[in-house]
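Chemist: please work out how this folds:
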Amino acid sequence: MLASRWSIHTETIYFRYRDEQPIEAVFHSHPQYEIYYFHEGACSFLIGERIYELEPGDLIIMHGMTLHCANAAKDQPYIRSVCHFHVGYVQEMLRIPGGADILEPFTRLKNARLRLQPRQQAEVEGLLLRLHECNVPQDKLAHVQYHLAFLELLTRICRWCETLLAEPSAASSEKLQHVQDMITYVEQHYMEDLHLEDLERELHLNRHYLSKLFKRVTGVTIFHYLFERRINQSCILMAMYRSSTLTEISYRVGFKHPAHFTRVFKRYVGVTPEQYRKQLERSEKGEA
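Modeler: Reported below is the predicted structural model:
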């Protein structure tokens, strides 16, 4: 549920090595930046308006607040390493006069998929293993090595972005492009009264075909994605604009009736908008 997705990790770096836990296709966001490395399996990864068909050895960098979702194949292992980190932590660690801004790929590109070469894959996997082995907080020297390995990973990513992101991306398949076009349209119009007929008219394709195609590629329905997008945006607005009423926010994100907004919000987040706003206020005050 969205409530858990919006929880803030107390660790400066939150790292999971070769995670094999099965997942459901759920759109989410978080305030941390993210590094995601795909070890094994078959997976479509949606980030904002982009869809990536992943191959083992792919590395993704993410701004975090962009709505994203992994749709992994159920008939094979899904193995990935994931690292969330707070921006302020890296900025404090890298007060090096004349040094490069190694967060530039995250701040300028926001989200990107790097298709690494075999040598680069080996370098990343070596650093991920080192992070895993040094992730022993009670050992102070290992703790230092853990953070140094993380900064080395960021430095490598920054270097690779200079060349890899300049290369032209491979053309998407026709069906994948249709889903990409649907996501782009929803992103542009999710605050409006949106219907399948609008997508049918915009893309010149049968709405039933579009609906089935979107579910097959993403793992969720088009309206599930639409409501996730609206609710995600409402959480952002609640955090940013404390003086706005919940009714105003519900209209801004595309709901015609505040009661409908409340029902959908509770279904996706697990609490009502009023309860969520109170949780934000308690979090700011440092209350449990």
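
Chemist: quick one: contacts of stretch 221-230?
Modeler: 2, 27, 67, 182-183, 186-187, 190-191, 194, 196, 199, 210-211, 214-215, 218, 220, 253-255, 264, 268 (C-beta atoms under 8 Å, 6 or more residues apart in numbering). Every C-beta, even on glycine, is put in place using the N, C-alpha and C of the backbone.

Chemist: and if you look at stretch 139-149?
Modeler: The contact list for stretch 139-149, computed with C-beta under 8 Å, 6+ apart, reads 13, 93, 127, 130, 131, 133, 134, 135, 136, 137.

Chemist: can you flag the buried ones in those?
Modeler: Neighbour-count burial (16 or more other C-beta atoms under 10 Å) applied to the contacts of stretch 139-149 gives 13, 127, 130, 131, 134, 135.

Chemist: inside helices: which ones of these?
Modeler: 127, 130, 131, 134 (DSSP state H).

Chemist: okay, the residue nearest to the second one when sequence neighbours are not counted: pLDDT?
Modeler: Excluding its sequence neighbours, the residue lying closest to residue 130 (C-beta to C-beta, 6 or more residues apart in numbering) is residue 149, at 4.5 Å. In the predicted model, residue 149 carries a pLDDT score of 95.

Chemist: tell me which element residue 149 is part of?
Modeler: Residue 149 is part of helix 140-164 when elements are defined by DSSP states H and E.

Chemist: going by neighbour count, list what's buried in that helix.
Modeler: Using 16+ other C-beta under 10 Å as the test for burial, helix 140-164 gives 145-147, 149-150, 152-154, 156-158, 160-161, 164.

Chemist: phi, psi for the residue nearest the centre of the chain please.
Modeler: In the chain, the residue lying closest to the centroid (C-alpha atoms, centre = their mean) is residue 68, at 3.7 Å. With angles defined as degrees, to the nearest 10, residue 68 sits at phi -140, psi 160.

Chemist: for it, give me the pLDDT.
Modeler: Residue 68 carries a pLDDT value of 89.

Chemist: and it, how far from residue 161?
Modeler: 19 Å (C-beta to C-beta, to the nearest Å).

Chemist: try residue 135
Modeler: Distance, residue 135 to residue 161, using C-beta to C-beta: 25 Å.

Chemist: do the same with residue 24
Modeler: From residue 24 across to residue 161, the span is 31 Å (C-beta to C-beta).

Chemist: can you map out the helices along the protein?
Modeler: Counting by DSSP H, the chain has these helices, from start to end: 2-5, 87-93, 104-109, 118-134, 140-164, 174-189, 196-203, 207-218, 222-240, 246-252, 258-269, 273-285.

Chemist: could you pull up the mean pLDDT of stretch 188-205?
Modeler: Mean predicted lDDT for stretch 188-205 stands at 93.

Chemist: which of the residues in it are buried?
Modeler: For stretch 188-205, the neighbour count (16+ other C-beta under 10 Å) marks 190, 194, 196, 199, 200, 203 as buried.

Chemist: can you give me the end-to-end span of that stretch?
Modeler: Start-to-end span of stretch 188-205 (C-alpha to C-alpha, to the nearest Å) is 19 Å.

Chemist: what does that stretch rub up against?
Modeler: Outside stretch 188-205, the residues that touch it by C-beta under 8 Å, 6+ apart are 178, 181-182, 185-186, 206-207, 210-211, 222, 226, 229-230, 233, 252-254, 256.
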